[in-house]
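Trainee: sequence first, predicted coordinates after that:
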Amino acid sequence: MAPETSTMTKDPILKVEHLSMRFGGLMAINDFSFEAGRGDITALIGPNGAGKTTVFNCITGFYKPTMGMITMRQRSGHEYLLERLPDFEITKQAKVARTFQNIRMFSGMTVLENLLVAQHNKLMLASGYTFLGLVGFPAYRQASKEAIELARHWLERASLIDRADDPAGDLPYGAQRRLEIARAMCTEPELLCLDEPAAGLNPRESHSLNELLQSIRSDTGTSILLIEHDMSVVMGISDHVVVLEYGQKISDGNPDFVKSDPRVIAAYLGVEDEEVEEVIEQIEEIEGEQGGTKQ
Amino acid sequence: MANIASTTASAGTEVTARALREAVFAGLVTLGLFVLFVGLKTDQNIRNELVLTQRWGLLATFVIIAMVGRFLMVAYAQPWLAQRKAAKAAAPEVVKEEGFFSRNFSKIAIVALILYPPVVLALTGIQGSLKWVDNFGIQILIYVMLAWGLNIVVGLAGLLDLGYVAFYAVGAYSYALLSSYFGLSFWVLLPIAGLLSACWGMILGFPVLRLRGDYLAIVTLAFGEIIRLVLINWTEVTKGTFGVSGIAKATLFGIKFDASKDGFAAMMGLPISSAYYKIFLFYLILGLCMITAFVTIRLRRMPVGRAWEALREDEIACRSLGINTTTTKLTAFATGAMFGGFAGSFFAVRQGFVSPESFIFLESAVILAIVVLGGMGSLTGIAIAAIVMIGGTEILRELTFLKVIFGPNFTPELYRMLIFGLAMVTVMVWKPRGFVGSREPTAFLRERKAVSGSFTKEGHG
């Protein structure tokens, strides 16, 4: 393989090794390994049905992988094996937050309340597991004030501050996407996993999304892992791109490398009908070279 | 001008003519429908022969009611509704200023409830007040408390519980059995009954954690039946269907409500009457209701209350935010069950007698109906629904004048369930999200805006 394809990140925040996920007879992910660097924006791309969301669900604990190891290394040096943690502990302890492809809002609660729910564990501790808060303990009042301040901060960042007291279900689509990101950030994660954050956004909205993600990365040092179909987002902001097809990794490297990788072009970015032959030849050539070097 | 007047006049006569036509038609339909059901009745005479009784008078009443009703509907109600609709469409949107009454509704309601027994006492005298304080006051407040307890499980956490009466039974039997076997007082047993019910709430909670929606409802229904069957069949302890009787009454700081020398009436120099005990019980259940409301309102602003509501909205999103949904569900079951237990032990002390008869599925259904009718999650709405539902069925007993129309054998309370069902259908058509469909947010940045019921979810498990 070309040197770029086996990039070993110096200080990976997330290490996925030999991940496999089988649903009955279907091998959704087959021996998939990659690393996400600390402070990087890593994009996971691939055609529909390639298994990207399955990888996400394995990382965030919604699926238990059939095989493989997922290691999350925090800034403090603590390591967590995510495949062993129950889903809520992954957010609570390992500090990995996620958003969903089909937005999951608490639509009957206000925008502000959505962000307060995200700070549940912190507030639970401050309220003495409800008992102290119930009798009006001052520490809880202080903590809830701070929680509202943190929510206000993220509402301003996501430019939702004017809609803070409206029900989340009343927001337009693009704003709901931003709210979901703001809500995930309120859990104070070290790794933020975004499942198609730009789906259904118009170009202007996806441009402002790019800015939001980049500012999250630069201001909080949160690493970002994202699944995306919108190439303007992927190529514009990511430091590292991993390409998945039929549950297997076909390319891994920086955006420029991936963009010019003929396998990626064939599998994902699409080729004209008349070019198919040519691409196959190119791939065979590369594979022939690799076979040669291995021998 | 004259032209317009004549057109409106002709429109008026046109409507009347149409109303008359439709009234006659409705009368014919009614006659056709009821001639065999109501007009004729088969009866047995003394010699066991089948005879045909003719009830033309009753049939005529039915037909006349239908005709008059249809006439009024077409001639007056429909034009009035159309006019109102047009007026509403024409009138510009006015920002509704909340009146003094609606702003301070809960305070006014509490004051009214505190003043209720003395006012009733003054109006109807000591013996006359019994019915109003006991049958209306206490009965309704018990259901208000039960429904507020169930509201935590169904309205906030979105977990459909059809077996809530089980916790009511656990509370009632806890008090009945522990007081008759160990002689403990009401004030000691009230918290114990609550705790025991909460434990049973957890015991129910564990197996149903993974269930959602219909499946959850069926298992909770079965749980309610299990508790009732245990109470019936564990005869050595619970005395089975005979029930536990002679349950000790509650005391006010050790003062008994009886005819003894150091009883309440003797101490206060009042004539001996059971009404004082009932009034004491009224204030007791009022206090318990206030505690339930206070705790519910406080809990909603706690992280656990927000987690309950978030659980109702989207369970998967909850888990992705690091909320332990297992403990969240269990706390909802336990808290709801605890209030059911309090209400149960109050029920036992009020009746002085408990039997499994009081804890049938119908009770669960009535409590759930009150929660749904009131608007899930809204304390005010639920209280109104309890007054309408329970007060309404009590009122039925008072409607003795109906005997004049339907004959001396007519007992209106037998139609309780029919009217109950009709009322539910009507309210659900008129207000699909219950009396108070909107939701009060638990925190706000600039202004507190109620969340419309169309955004909130009912929960799926």
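Mentor: Received it, and whenever you're ready, just let me know what you need. Numbering: from 1, shown residues only, chains lettered A, B, ... in the order given.

Trainee: how about A:Ser251, what does it touch?
Mentor: Applying Cβ atoms under 8 Å, 6 or more residues apart in numbering or on different chains to A:Ser251 gives the contacts A:Thr5, A:Val241, A:Val242, A:Val243, A:Phe257, A:Val258, A:Asp261, A:Arg263, A:Val264. The way it works is simple: take the backbone N, C-alpha and C, and place the C-beta from them, glycine included.

Trainee: restricted to strands, list those residues.
Mentor: Per DSSP state E, strands hold the following members of those: A:Val241, A:Val242, A:Val243.

Trainee: coming back round to it: mind putting the contacts of A:Ser251 into JSON lines with distance to B:Gly27, pLDDT and neighbour count?
Mentor: Output for the contacts of A:Ser251, formatted as JSON lines (distance: Cβ to Cβ, whole Å; pLDDT from 0 to 100; neighbours: other Cβ atoms under 10 Å in any protein chain shown):
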{"residue": "A:Thr5", "distance to B:Gly27": "88", "pLDDT": "41", "neighbour count": "14"}
{"residue": "A:Val241", "distance to B:Gly27": "80", "pLDDT": "88", "neighbour count": "24"}
{"residue": "A:Val242", "distance to B:Gly27": "79", "pLDDT": "88", "neighbour count": "26"}
{"residue": "A:Val243", "distance to B:Gly27": "78", "pLDDT": "87", "neighbour count": "25"}
{"residue": "A:Phe257", "distance to B:Gly27": "87", "pLDDT": "83", "neighbour count": "18"}
{"residue": "A:Val258", "distance to B:Gly27": "82", "pLDDT": "80", "neighbour count": "27"}
{"residue": "A:Asp261", "distance to B:Gly27": "84", "pLDDT": "80", "neighbour count": "25"}
{"residue": "A:Arg263", "distance to B:Gly27": "83", "pLDDT": "81", "neighbour count": "17"}
{"residue": "A:Val264", "distance to B:Gly27": "80", "pLDDT": "79", "neighbour count": "20"}
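
Trainee: closest to B:Leu113 out of those residues?
Mentor: Nearest to B:Leu113, judged by Cβ to Cβ, of the contacts of A:Ser251 is A:Val242 at 65.3 Å.

Trainee: re the thing from before, so which of the ones in strands among the contacts of A:Ser251 is the closest to chain B?
Mentor: A:Val242 (21.8 Å; Cβ to the nearest Cβ).

Trainee: count of neighbours near A:Ala43?
Mentor: Look at A:Ala43: counted by other Cβ atoms under 10 Å in any protein chain shown, it has 26 neighbours.

Trainee: so it sits against A:Ser238, correct?
Mentor: Yes. If you go by Cβ atoms under 8 Å, A:Ala43 and A:Ser238 touch, sitting 3.9 Å apart.

Trainee: list the residues that contact both of these two?
Mentor: Shared contacts of A:Ala43 and A:Ser238, defined by Cβ under 8 Å, 6+ apart, comprise A:Leu226, A:Pro255.

Trainee: burial count for the closest residue to A:Phe100 other than its chain neighbours?
Mentor: Spatial nearest neighbour of A:Phe100, excluding adjacent residues (Cβ to Cβ, 6 or more residues apart in numbering or on different chains): A:Asp195 at 5.7 Å. Close neighbours of A:Asp195, defined as other Cβ under 10 Å, add up to 22.
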